[in-house]
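K.L.:
sequence first, predicted coordinates after that:
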Amino acid sequence: MRLLLVIALVALAGCKSKPADAPLPVQPPAPTKPDAVQTLGKDLDKTDHRVGAALVAIEKNADKPKVVVAESRLAQSYLPPPPEADVAFAVARATKADPVDYAKQMEFGRKLATAVNKAWEKLEADQKEAARVSQLKDARIVELQKEVERVKAEASKNIWSLLGAGLFAVGALTTAFLGPRLGVPLLACAALAGSVPFIYDSPAFMWVAIGTATIASGLSLWWLYDKVSDAVQDKKDEAEITKDE
């Protein structure tokens with residue numbers, strides 16, 4: 001009972017992991033692959049540049065109505081259809097043609113463009129941070145997997161060592177009180193149990209396993225031979241006793 005308690009305590013001690021590392025930072029709600037943001041950003045930049053270029057062409061060819069219409073339609077092809085309310089608002093503004101209204105709308109447009117650019121820059125920064133945290137998480141998972149394997153190996157080694165010690169004690173007592181015929185095999189098993197972790201980790205594991213199997217087979221044959229010899233000797237003794245009578 002005490003041996004089982006010791007084995008349990010050692011196994012629990014082996015399963016004790018190292019102190020927890022610093023907590024991982026919070027991963028931003030953004031894609032972890034840079035392509036997801038960079039590709040979209042390039043497409044949006046291309047759209048903005050094409051629309052902006054068409055508007056510059058319209059301004060430079062204001063005296064050519066056909067060019068203005070063609071460039072306007074080209075610019076619209078790069079944009080989603082605007083809501084009817086926004087179209088009505090723009091038409092009313094053009095009809096009124098008030099410089100003050102145009103100044104206010106231009107100021108609003110600059111502020112909106114600035115806000116969009118800042119939001120996009122934040123998205124790119126969040127994407128880089130999300131990728132960094134994701135890599136940290138992957139590294140932590142690999143580290144924990146290695147730690148689990150180490151703990152398993154250490155617990156197994158401790159159990160085999162305690163089993164070998166227990167068998168050695170039993171073998172020694174058996175040899176002392178019941179003779180080497182029963183005690184020596186137990187001592188051999190104790191040595192084998194204690195060396196199992198080192199044998200398994202050895203590059204010569206296959207040869208050691210073959211040798212161990214050969215020794216075990218030899219011991220089994222020796223035990224069988226001894227058993228048969230004892231039986232034959234007992235019969236001879238019985239026959240001599242019967243003859244004497």
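P.N.:
Nice, I can see it. Residues are numbered from 1 along each chain as shown.

K.L.:
give me the local confidence score for residue 154.
P.N.:
According to the predicted model, the pLDDT of residue 154 comes to 83.

K.L.:
check residue 226 too.
P.N.:
Confidence at residue 226, expressed as pLDDT, is 80.

K.L.:
same check, this time on the one 5 residues further on
P.N.:
Residue 231 is assigned a pLDDT of 78 by the prediction.

K.L.:
element containing the spatially most central residue of the chain, please.
P.N.:
For the chain, the residue nearest the mean C-alpha position is residue 141 (3.7 Å; CA atoms, centre = their mean). Residue 141 belongs to helix 99-178 when assigned by DSSP states H and E.

K.L.:
the following helix or strand past that helix: which residues count as buried?
P.N.:
Downstream of helix 99-178, the first helix or strand assigned by DSSP H and E is helix 180-201. For helix 180-201, the buried set under the neighbour-count rule, 16 or more other CB atoms under 10 Å, comprises 183, 185-187, 189-190, 192-197, 199. Any C-beta I mention is one placed from the backbone N, CA and C, and that applies to glycine too.

K.L.:
tell me the one of the residues you listed nearest residue 106?
P.N.:
In terms of CB to CB, no member of those lies closer to residue 106 than residue 197, at 78.4 Å.

K.L.:
that closest one and residue 226, how far apart?
P.N.:
According to CB to CB, to the nearest Å, residue 197 and residue 226 sit 32 Å apart.

K.L.:
next one: residue 138
P.N.:
The span separating residue 138 from residue 226 equals 60 Å under the rule CB to CB.

K.L.:
same thing with residue 102?
P.N.:
Counting by CB to CB - residue 102 and residue 226 are separated by 113 Å.

K.L.:
circling back to that earlier point, nearest to residue 121, of the buried residues of helix 180-201?
P.N.:
Within the set of the buried residues of helix 180-201, residue 197 lies nearest residue 121; the separation is 56.1 Å, counting by CB to CB.

K.L.:
let me see the confidence value for the closest residue in space to the closest one that isn't next to it in sequence.
P.N.:
Spatially, and ignoring its direct neighbours in sequence, residue 197 is nearest to residue 157 (3.9 Å; CB to CB, 6 or more residues apart in numbering). For residue 157, the pLDDT comes out at 78.

K.L.:
burial of the spatially closest residue to residue 181 that is not a sequence neighbour, as a residue count?
P.N.:
Distances taken as CB to CB, 6+ apart put residue 226 closest to residue 181, at 7.4 Å, once the chain neighbours are dropped. Residues within reach of residue 226, counting by other CB atoms under 10 Å, total 11.

K.L.:
ok, now residue 162?
P.N.:
As a burial measure, the neighbour count of residue 162 was computed by other CB under 10 Å and equals 19.

K.L.:
before we move on, what about residue 82?
P.N.:
Residue 82: 12 surrounding residues under other CB under 10 Å.

K.L.:
state the pLDDT value of it.
P.N.:
89.

K.L.:
which ones are touching it?
P.N.:
For residue 82, the residues meeting the contact criterion (CB atoms under 8 Å, 6 or more residues apart in numbering) are residue 90.

K.L.:
could you measure from it over to residue 76?
P.N.:
Residue 82 is 9 Å from residue 76, where distance means CB to CB.

K.L.:
next one: residue 161
P.N.:
When distance is defined by CB to CB, residue 161 is 80 Å away from residue 76.

K.L.:
and the chain, what are its domains?
P.N.:
Using automatic domain parsing, the domain ranges for the chain come out as 34-137, 204-245.

K.L.:
most tightly surrounded among those?
P.N.:
Most buried of those, by mean neighbour count (mean count of other CB atoms under 10 Å): domain 34-137, with a mean of 12.

K.L.:
sorry, back to before: what helices or strands is the helix holding residue 141 leaning on?
P.N.:
Judged by 3 or more CB pairs under 8 Å, 6 or more residues apart in numbering; DSSP states H and E, the packing partners of helix 99-178 are helix 2-14, helix 34-60, helix 84-96, helix 180-201.
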